[in-house]
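*Asks:* Give me a 3D structure for the following:
(2 chains, ligands or ions: 2)
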Amino acid sequence: MSAVPVLETRGLGIRFGGLKAVDDVSLSVPEGLTLGVIGPNGAGKSTFINLVTGHLKPTSGTVLVDGRDLTGVKPWVIAKARVARTFQIVKPFRGMTVRENVAVGVLYGPDGTGRMSTALKQADEILAEVGIFELGDRPPGELSVADARRLEFAKALALKPRLLLLDEVMAGLRPGEIEPSLQLIRDLKARGMTIIVVEHVMKAILAVSDEVLVLNAGQRLMLGPPREVLSDPQVIEAYLGHKYATRAAQLSEAASAALAAPTPTPTPTPNAVDIAEEEVGPDA
Amino acid sequence: MATVTPALWRRWGPWALGLVGALAALGLQTQLYTGQVRTVATIFMFVALALSWNLIGGYTGYASFGQVVFFGLGGYFAAVTMTHLHWSFWVALPLAGLAAAAYAVVIGIPLLRLRGHYFAIATLGVAEGTREVVINLDGLTGGGGGITVPTVGAAAATKYLGNDGFYLVYLALAVLALLITGLVSRSKFGFAMRAIHQDEDAAAAVGINTTRTKVLTFALSGLLTGLVGATYAFQQVTIYPERLFDVEITVLMVVMVVIGGSGTVLGPIIGAVALQFLSEWLRQNYTTVHTLLLGIIIIIAVILLPQGLVNYLREARRNGDYSLLANVRRYRL
Ligand SMILES: Nc1ncnc2c1ncn2[C@@H]1O[C@H](COP(=O)(O)OP(=O)(O)OP(=O)(O)O)[C@@H](O)[C@H]1O
Ligand SMILES: [Mg+2]
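*Replies:* Ligands and ions are numbered 1, 2, ... in the order given. Reported below is the predicted structural model:
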């Protein structure tokens, strides 16, 4: 069992004026784990990703990647450390083709090549993996919502990441479009990739997460096995308390459905226990 | 031309264009009157300037409204070293370019943190400030009274090049700018520049060191602009801060790039040639109102083709729709 977690945060936080958008979050994500992250709008989920990937500098705490202190370094340093992310609001390079969008990541990623032909070939492989190979020559502006999210996914995969942070890659997708994305996450998991999935779609969280983290008002409200967390009164309260009634309904519905007919157990990950409450960061 | 695929053009276009253009320009030179040689040389000068602005403003998306600072700096570097140190123009020229590039690095590191209008305004401020410094260093620069480069006799390390000589130097600089643009735009580095233009956060997220890329681009752009400024200073013999740091020179670069198509290889060339021709033609035929007419034509062009001629043609071919009205509609806010 590898002792060093792929990602560890200790007391991580950021203030925007008086607002603590992320507040004292300590967390340890062992290799191979898929961590679901949920929480009401404005809970700090995207901000947490921004802090880990260098897009925002934390005002307190530390970020360790493979045990290396990468607190507050620039995003490209994080990318070279094989940590990739997607953006909640998709950020394609609009003047390039879909294939070129992915090739940029191959050119500048951790295995950076200088050969354009190699990069374009690898980009095609990644596009095939996320299911939009045939759209390679299109400008990203012509993609559907679902395909634009797949492109965002592909751009992250271009870095050949060890740790992948997905910020609502399934938002706005129709039910039929979600399954391929879930399958892709399962495939990446099977290859040993460590994944953090921020998602409001509870079905998706249940389908892929080994553990679920609940953020509320910037703080870590709860962390534990998916079904346990999702049926916790405190968690439902956090959603209801913020008047996200529909989401809460969706939440309990998904949770009870899951309890009634347990989905096939996610691939057993021996390291999953590492993340249990008691074992979080030494100075937590 | 139906057989020229985009891929083929991208690979060989700039080289072919550079070669054909240079040969044509050399042939043209033998056919021109003295006055015309000067006019065409000025066109080459603006082609080089527009291409150099296009690197930072067009490809990377950082509109440098103080670009003339590199022109002025290159010019003064050449004039001062040729006058006081009796340097040969051929030594002063490359070093003037390097001095401008070094200045671009020094001001670029703080200024390239700013985005959009803030960057534009800050560069404008630096250009104005630098001109004041040049005026105040009058022992070296002659201040507001200007400085005169020795062009004849023992004091002149390099004899005045004459109309034909400067024609060739500007032509060489235009071809150099074209080749650099062609190389950069197709390279890995060019992808980083365009990625930064289109989304800087997304560029950083896929491993592009955005700071380094922006500073290097600014330096390259400053280098080319500085080379042109040095040549201009020698050509003018006597130079004044007001002229060498004239904001109008920046405005011309920007307008040429915008009209031709920013972020393309051909756009700035077309913009520079078209604007200089038009300006010259209007000057000769409508002496009293030529700047007014030129202004009106520029405004109409920008309204109808906000993305520039080359980008408009590219998009129109894609959509199969050449209607200018539809184009205006697509780009209105
Ligand atoms: N750059 C910023 N400046 C100021 N406030 C910010 C900034 N980024 C985020 N915030 C604030 O921090 C809080 C957390 O925002 P964040 O985007 O992380 O929420 P989220 O959990 O991702 O929500 P959602 O589910 O809507 O995506 C919000 O109140 C937001 O307004
Ligand atoms: Mg968010």
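*Asks:* Okay, B:A205 and chain A: tell me how far apart.
*Replies:* Distance from B:A205 to chain A, counting by Cβ to the nearest Cβ, to the nearest Å: 5 Å. In short, each C-beta sits where N, CA and C put it, glycine included.
*Asks:* okay, now that residue: neighbour count?
*Replies:* Number of residues near B:A205 (other Cβ atoms under 10 Å in any protein chain shown) recorded here: 27.
*Asks:* Also B:I296?
*Replies:* By other Cβ under 10 Å, neighbour count at B:I296 equals 11.
*Asks:* hmm, the one helix or strand A:S117 maps to in reach of chain B?
*Replies:* Per DSSP states H and E: A:S117 is located in helix A:116-130. Yes: residues of helix A:116-130 contacting chain B under Cβ under 8 Å from any Cβ of the partner chain: A:M116.
*Asks:* Helix or strand next in line after that helix, which one?
*Replies:* Using DSSP H and E, the helix or strand that directly follows helix A:116-130 along the chain is helix A:145-157.
*Asks:* Report the distance from that next one to the chain centre.
*Replies:* Distance of helix A:145-157 from its chain centroid, counting by Cα atoms, centre = their mean, to the nearest Å, is 13 Å.
*Asks:* in the helix holding A:S117, what counts as buried?
*Replies:* A:116, A:119-120, A:122-123, A:126-127, A:129-130 (16 or more other Cβ atoms under 10 Å in any protein chain shown).
*Asks:* Quick check, the residue in chain B closest to ligand 1?
*Replies:* Ligand 1 sits closest to B:D201 of chain B, with a gap of 11.4 Å, by Cβ to the nearest ligand atom.
*Asks:* Now do the same contact list for that residue.
*Replies:* Going by Cβ atoms under 8 Å, 6 or more residues apart in numbering or on different chains, B:D201 touches A:55, A:75, A:87, A:91.
*Asks:* if you set the cut-off to 7 Å instead, what comes out?
*Replies:* Contacts here follow Cβ atoms under 7 Å, 6 or more residues apart in numbering or on different chains; on that basis B:D201 touches A:55, A:91.
*Asks:* downstream neighbour of the helix or strand containing it in the secondary structure list?
*Replies:* Per DSSP H and E, B:D201 falls inside helix B:200-205. Where DSSP H and E defines the elements, the next helix or strand beyond helix B:200-205 is helix B:210-236.
*Asks:* quick one: strands adjacent to the next helix or strand after that next one?
*Replies:* Next helix or strand after helix B:210-236 toward the C-terminus (DSSP H and E): strand B:238-239. Strand B:238-239 has its sheet partners listed here by DSSP bridges as strand B:147-148 (antiparallel).
*Asks:* Check the spacing between the closest residue to B:V69 other than its chain neighbours and B:L282 real quick.
*Replies:* The shortest distance from B:V69 to any non-neighbouring residue, by Cβ to Cβ, 6 or more residues apart in numbering or on different chains, is to B:A127 (3.9 Å). Separation of B:A127 from B:L282 (Cβ to Cβ, to the nearest Å): 28 Å.
*Asks:* quick one, which of these two is more surrounded?
*Replies:* Neighbour totals were compared for B:A127 and B:L282, and B:A127 leads with 25 against 17 (other Cβ under 10 Å).
*Asks:* and the angle for the host helix or strand of the more buried one with helix B:210-236?
*Replies:* For B:A127, the element it lies in under DSSP H and E is helix B:117-136. Helix B:117-136 runs at 40 degrees relative to helix B:210-236, counting by axes from the mean of the first three to the mean of the last three Cα atoms, to 10 degrees.
*Asks:* Can you give the distance from helix B:117-136 to the centre of its chain?
*Replies:* Distance, centroid of helix B:117-136 to centroid of chain: 18 Å (Cα atoms, centre = their mean).
*Asks:* after it, next one along is what?
*Replies:* helix B:138-141.
*Asks:* In that following helix, which residues are buried?
*Replies:* For helix B:138-141, by 16+ other Cβ under 10 Å, it's B:T141.
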